[in-house]
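Peer 1: coordinates only, sequence not included:
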């Protein structure tokens, strides 16, 4: 079955969605003033002669995926039964994406990249799965495909034992949260700014779904000590790409250089294995994705990159 909404007329580029932009953590791992960027939508007071808050559950469900949930969160709350109906419809769309992704080569490529980055047989050592920057799965087709990957990773990584993945994005709506609950996933309630420590035992897989380098830098900073960073695996945009962009652009006004990320790339402290998304219908869901792990002796030179 093919995910229904975005590809009826070819493969248009999905509309841009908000991206998290946390500043790197200080000594305490606290988030800076920049934080996550939040985008809101204005309420339409009426829709076909009926006020938004009065839409029945069936219409709310049909509206899932085109912004209804976000509008409700910005203004009058949807009735609980309308949220439940919209979430059920959204979960059906995610399931369609799961069915499209499961047999596709991009999933096999992702699992192979993770195993090569971690070492053969080490997929069983992944005991925690965290996702930042997904976007709104009730509104974004790309986010639904990325959420399908989270669901499949939960089922395919034996060390997780089916444990609920933890997700955070400031754009999550009530419908999104209800969807994640139905899918057996957990919403992180506090904005951590990406500064989360990996698990004390085993490996934590962080899926950063097309996030800015700032978020990855905060994650590295939170684990920037011997015995911690080597228990982290980052699935997200290629560090090489980040490095190329910063090398070409130089210092960027209003943004702090991701010193740790750049240093690891320059010194060979990171192992990167790319994921092939060739032929996948959601053309911007998994492009430029790679698995990253960190060499056990990286801390010998950590003082150079801790700026």
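Peer 2: Perfect, I can see it now. The structure displayed is predicted, hence computed values, not measured ones.
Peer 1: All the strands of the protein, residue numbers only.
Peer 2: 46-47, 50-51, 126-132, 166-168, 186-187, 203-208, 232-237, 270-274, 289-294 (DSSP state E).
Peer 1: Now do the contacts for residue 118.
Peer 2: 125, 126, 203, 233, 291, 293 (Cβ atoms under 8 Å, 6 or more residues apart in numbering). All C-beta atoms are positioned from the backbone trio N, CA, C, and that covers glycine.
Peer 1: Which positions are bridged to the fourth one in the beta structure?
Peer 2: What it means is residue 233. For residue 233, the beta-bridge assignment (DSSP bridges) gives partners residue 205.
Peer 1: how close does it sit to residue 209?
Peer 2: 15 Å (Cβ to Cβ, to the nearest Å).
Peer 1: which intervals of the stretch 201-307 of the chain have sub-threshold pLDDT?
Peer 2: Along the stretch 201-307 of the chain, segments meeting pLDDT under 70 span 250-254, 299-307.
Peer 1: repeat that for 50
Peer 2: 304-307 (pLDDT under 50).
Peer 1: residue boundaries of the helices in the stretch 201-307 of the chain?
Peer 2: Secondary structure of the stretch 201-307 of the chain by DSSP state H, counting those that start in this stretch: the helices cover 213-222, 239-249, 259-267.
Peer 1: and if you look at the stretch 51-200 of the chain?
Peer 2: Secondary structure of the stretch 51-200 of the chain (DSSP H, counting those that start in this stretch): helices at 57-63, 68-74, 80-101, 105-118, 141-156, 174-182.
Peer 1: Just want the angle from the fourth one to strand 289-294.
Peer 2: Looking back up the chat, that one is helix 105-118. Interaxial angle of helix 105-118 relative to strand 289-294 (axes from the mean of the first three to the mean of the last three Cα atoms, to 10 degrees): 10 degrees.
Peer 1: Okay, angle between helix 105-118 and strand 203-208 too, please.
Peer 2: Helix 105-118 runs at 130 degrees relative to strand 203-208, counting by the same axes, to 10 degrees.
Peer 1: got the buried residues for helix 105-118?
Peer 2: Buried positions in helix 105-118, judged by neighbour count with 16 or more other Cβ atoms under 10 Å: 106, 107, 109, 110, 111, 112, 113, 114, 115, 116, 117, 118.
Peer 1: just checking, the fifth one touches residue 156?
Peer 2: What that stands for is residue 111. Yes - assessed by Cβ atoms under 8 Å, residue 111 is found in contact with residue 156 at 6.2 Å.
Peer 1: Residue 83: which of the strands of the chain is closest?
Peer 2: strand 186-187 (14.1 Å; Cβ to Cβ).
Peer 1: and the closest one, what does it pack onto?
Peer 2: Applying 3 or more Cβ pairs under 8 Å, 6 or more residues apart in numbering; DSSP states H and E, one finds that strand 186-187 contacts strand 166-168, helix 174-182.
Peer 1: and the ones you listed as JSON lines, adding mean pLDDT and distance to residue 199?
Peer 2: Formatted as JSON lines, these follow (pLDDT from 0 to 100; distance: least, Cβ to Cβ, whole Å):
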{"stretch": "strand 166-168", "mean pLDDT": "98", "distance to residue 199": "11"}
{"stretch": "helix 174-182", "mean pLDDT": "97", "distance to residue 199": "21"}
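Peer 1: Export the ones you listed as CSV, with columns for mean neighbour count.
Peer 2: Formatted as CSV, those follow (neighbours: other Cβ atoms under 10 Å):
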stretch, mean neighbour count
strand 166-168, 22
helix 174-182, 22
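Peer 1: Quick check: which of the ones you listed is nearest to residue 90?
Peer 2: helix 174-182 (4.6 Å).
Peer 1: Residue 188 and residue 100, how far apart?
Peer 2: On the measure of Cβ to Cβ, residue 188 and residue 100 end up 27 Å apart.
Peer 1: More neighbours: these two, which one.
Peer 2: Comparing residue 188 with residue 100 by other Cβ atoms under 10 Å, the one with more neighbours is residue 100, at 21 against 15.
Peer 1: you'd agree the more buried one is up against residue 281?
Peer 2: Yes - because the distance of 6.9 Å satisfies Cβ under 8 Å, residue 100 is recorded as touching residue 281.
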